[in-house]
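Participant: Provide a 3D model corresponding to the input given below.
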Amino acid sequence: WAHIERATTNGADRDARWAMMSASMQGAMAFQKGLGCVHSLSHSLGGVNPKLHHGTLNAMFLPAVVLFNASSASIQKEHRLQRMAQAIGLAGCDAEGQALADAIRALNARLGLPAGLAEMGVESAWFDRIIQGALADHCHKTNPRPASIEDYAAMLETSM
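Facilitator: Below is the predicted model:
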């Protein structure tokens, strides 16, 4: 969080790029805990339209999935949203995750990413195919909160 803007706006900033490389490795190690709905949706939508960038799709889905997962018992018990908010320097985080989701959307905007899926050419007519793919994806089972067809539809709508 602390280095992504610097690394994005100035590719010659070796310190920021080093920190992002380290964050990337830590992220890869975290894959062992599972990737959940963010990646289920990204994998599925990438299959529907392979021209869409997986990392950008993850960024588009992350705010909606944070909001969806906020009510998970494990998220609440372990104070994950509050810990995430603290790690990124957010003054506080509501239990519903809205402040964290808003901070992620704001970072996406500062990085020049699309404002949502519609800006990437995604159509709501694709939702059924995306949802079926997400439900079949191996990451679906590792989400901290079970997601239904209706839950995925809501996350897609929120991400548009």
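Participant: check which helix or strand covers the most centrally placed residue in the chain.
Facilitator: Residue closest to the average C-alpha location in the chain (CA atoms, centre = their mean): L62, at 2.1 Å. Per DSSP states H and E, L62 falls inside helix 54-69.
Participant: From start to finish, how long is stretch 29-37 in a straight line?
Facilitator: 18 Å (CA to CA, to the nearest Å).
Participant: for the helix holding L62, which positions count as buried?
Facilitator: 56-69 (16 or more other CB atoms under 10 Å). Using the backbone N, CA and C atoms, a C-beta is placed for each residue, glycine as well.
Participant: Let's have those in CSV, adding pLDDT and distance to A2.
Facilitator: Converted to CSV, the buried residues of helix 54-69 look like this (pLDDT from 0 to 100; distance: CB to CB, whole Å):
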residue, pLDDT, distance to A2
T56, 96, 21
L57, 98, 23
N58, 96, 19
A59, 96, 17
M60, 98, 22
F61, 98, 22
L62, 96, 17
P63, 97, 19
A64, 98, 24
V65, 97, 22
V66, 95, 19
L67, 95, 23
F68, 96, 26
N69, 94, 23
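Participant: you'd agree H140 is up against C37?
Facilitator: Yes: H140 is within contact range of C37, at 7.1 Å (criterion: CB atoms under 8 Å).
Participant: list residues touching both of the two?
Facilitator: Residues touching both H140 and C37 (CB atoms under 8 Å, 6 or more residues apart in numbering) are 134, 147.
Participant: Looking at these two, which has the bigger crowd around it?
Facilitator: C37 (27 against 22; other CB atoms under 10 Å).
Participant: Just the mean pLDDT for the helix or strand where that one lies, thanks.
Facilitator: According to DSSP H and E, C37 maps onto helix 36-48. The pLDDT scores in helix 36-48 average 96.
Participant: switch to numbering from 52
Facilitator: Fine by me, first position is 52 from now on; the one you just mentioned is helix 87-99.
Participant: Report the distance from it to the chain centre.
Facilitator: Relative to the centre of its chain, helix 87-99 is centred 11 Å away, using CA atoms, centre = their mean, to the nearest Å.
Participant: likewise stretch 145-161?
Facilitator: Per CA atoms, centre = their mean, the centroid offset for stretch 145-161 relative to its chain is 11 Å.
Participant: CA atoms only: put it into CSV for me.
Facilitator: Taking Å, rounded to 0.1, in the frame of the first residue of the first chain, the C-alpha atoms of stretch 145-161 are listed here in CSV:
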residue,chain,number,x,y,z
ASP,A,145,-16.1,0.3,10.5
ALA,A,146,-17.2,-3.3,11.1
GLU,A,147,-19.0,-3.3,7.7
GLY,A,148,-15.8,-2.6,5.8
GLN,A,149,-17.1,0.5,4.0
ALA,A,150,-14.1,2.7,4.9
LEU,A,151,-11.7,0.0,3.7
ALA,A,152,-13.6,-0.6,0.5
ASP,A,153,-13.7,3.2,-0.2
ALA,A,154,-9.9,3.4,0.4
ILE,A,155,-9.3,0.6,-2.1
ARG,A,156,-11.5,2.4,-4.7
ALA,A,157,-9.7,5.6,-4.1
LEU,A,158,-6.3,3.9,-4.5
ASN,A,159,-7.6,2.3,-7.7
ALA,A,160,-8.5,5.7,-9.0
ARG,A,161,-5.2,7.2,-8.1
